[in-house]
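J.: Show me how the following folds:
(chains A and B)
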Amino acid sequence: DTEVTQTPKHLVMGMTNKKSLKCEQHMGHRAMYWYKQKAKKPPELMFVYSYEKLSINESVPSRFSPECPNSSLLNLHLHALQPEDSALYLCASSQDRGRNSPLHFGNGTRLTVT
Amino acid sequence: AQSVAQPEDQVNVAEGNPLTVKCTYSVSGNPYLFWYVQYPNRGLQFLLKYITGDNLVKGSYGFEAEFNKSQTSFHLKKPSALVSDSALYFCAVRGLDSGNTPLVFGKGTRLSVIA
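T.: Below is the predicted model:
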């Protein structure tokens, strides 16, 4: 089992809904990440937090809003999504942003936008 | 810019046979190389990494990978495949020119181990 926990596992939402994805890790990692993965494709980086500060936003639309309340938690707030946003959303953490720190991934939230 | 190539979309191997999943990379400076595995409806699991030192790196579940600087390759290997090894495998790299990007992933290779 992964040490990065994501909830919910599955989420179906309409285009006018507001929902949030949650991620938690208790490994003492200081870098946390959101990735989006389409079927049979590699993960695409969305956001990076380092020491609870947003350090990378990969030109993600504003309908996705990340939040890092503390060093263990990472949220992704969703609003007015489009059907093409349906994907597996993966959270990851690493000890820090050093090059040799491997990322540890959660099992993801499968999001369907109707 | 850094990049990773996984030339095979699909690799099929019989159970008990050795397996190889290929990866080549392009980076500035010394590469930091990683292999991840993804089972259906799961996240990515870290298998192994090469930072420096021995060219043969051993990882989880009996997997190993060989770093070859002259061929800019980092192929994943296992001496005897199991049906449970069937999954999607991603090679990833981080080089000096990666800027802020944590990892660049290859497109993935689907491994099927047939009983």
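
J.: Kindly report the residues of chain B close to chain A.
T.: Within chain B, the positions adjacent to chain A are B:32, B:34, B:36, B:41-46, B:49, B:51, B:88, B:90, B:94, B:98, B:100-103, B:105-108, B:110 by Cβ under 8 Å from any Cβ of the partner chain. In this view, the C-beta of every residue, glycine as well, is placed from N, C-alpha and C.

J.: So which of the residues you listed are in strands?
T.: Among the residues of chain B next to chain A, the members falling in strands (DSSP state E) are B:32, B:34, B:36, B:44, B:45, B:46, B:49, B:88, B:90, B:94, B:105, B:110.

J.: Between the two ends of stretch A:81-99, how far is it?
T.: Taking Cα to Cα, to the nearest Å, stretch A:81-99 runs 33 Å from one end to the other.

J.: buried stuff in that stretch?
T.: Neighbour counts over stretch A:81-99 (16 or more other Cβ atoms under 10 Å in any protein chain shown) mark A:81, A:85-94, A:97, A:99 as buried.

J.: residues making contact with the helix or strand bottoming out on mean pLDDT in chain B?
T.: Counting by mean pLDDT, DSSP states H and E, the weakest-scoring helix or strand in chain B turns out to be strand B:104-105, with a mean of 90. Residues outside strand B:104-105 that contact it (Cβ atoms under 8 Å, 6 or more residues apart in numbering or on different chains): A:42, A:43, B:2, B:3, B:4, B:36, B:90, B:91, B:92, B:93, B:94, B:98.

J.: State the distance from the second one to residue B:61.
T.: Same thing as residue A:43. 21 Å (Cβ to Cβ, to the nearest Å).

J.: So between the two, which is more surrounded?
T.: Taking neighbours as other Cβ atoms under 10 Å in any protein chain shown, residue A:43 and residue B:61 compare with residue A:43 leading, 28 against 12.

J.: Touching, the more buried one and residue B:44? I think so.
T.: Yes: between residue A:43 and residue B:44 there is a contact under Cβ atoms under 8 Å: 6.9 Å.

J.: can I get the contacts of strand B:104-105 in TSV with pLDDT and distance to residue B:10?
T.: Output for these, formatted as TSV (pLDDT from 0 to 100; distance: Cβ to Cβ, whole Å):
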residue	pLDDT	distance to residue B:10
A:42	93	15
A:43	93	20
B:2	82	25
B:3	89	21
B:4	94	17
B:36	96	17
B:90	97	14
B:91	97	15
B:92	95	19
B:93	91	22
B:94	84	26
B:98	57	28
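
J.: hmm, back to that, near chain B too, which of the buried residues of stretch A:81-99?
T.: A:90, A:92, A:94, A:97, A:99.

J.: What pLDDT is listed against the first one?
T.: Per-residue confidence at residue A:90 stands at 96 (pLDDT).

J.: Let me see the contact set for it.
T.: Residue A:90 neighbours (Cβ under 8 Å, 6+ apart): A:6, A:34, A:35, A:36, A:37, A:43, A:105, A:106, A:108, B:43, B:44.

J.: Poorly predicted segments of chain B, please.
T.: Residues of chain B meeting the criterion pLDDT under 70: B:96-101.

J.: Can you tell me who the closest residue to residue A:56 other than its chain neighbours pairs with across the strands?
T.: Leaving aside its sequence neighbours, residue A:56 sits nearest to residue A:48 (Cβ to Cβ, 6 or more residues apart in numbering or on different chains; 3.7 Å). Beta-bridge pairing for residue A:48 (DSSP bridges): residue A:33, residue A:56.

J.: Sounds good, over and out.
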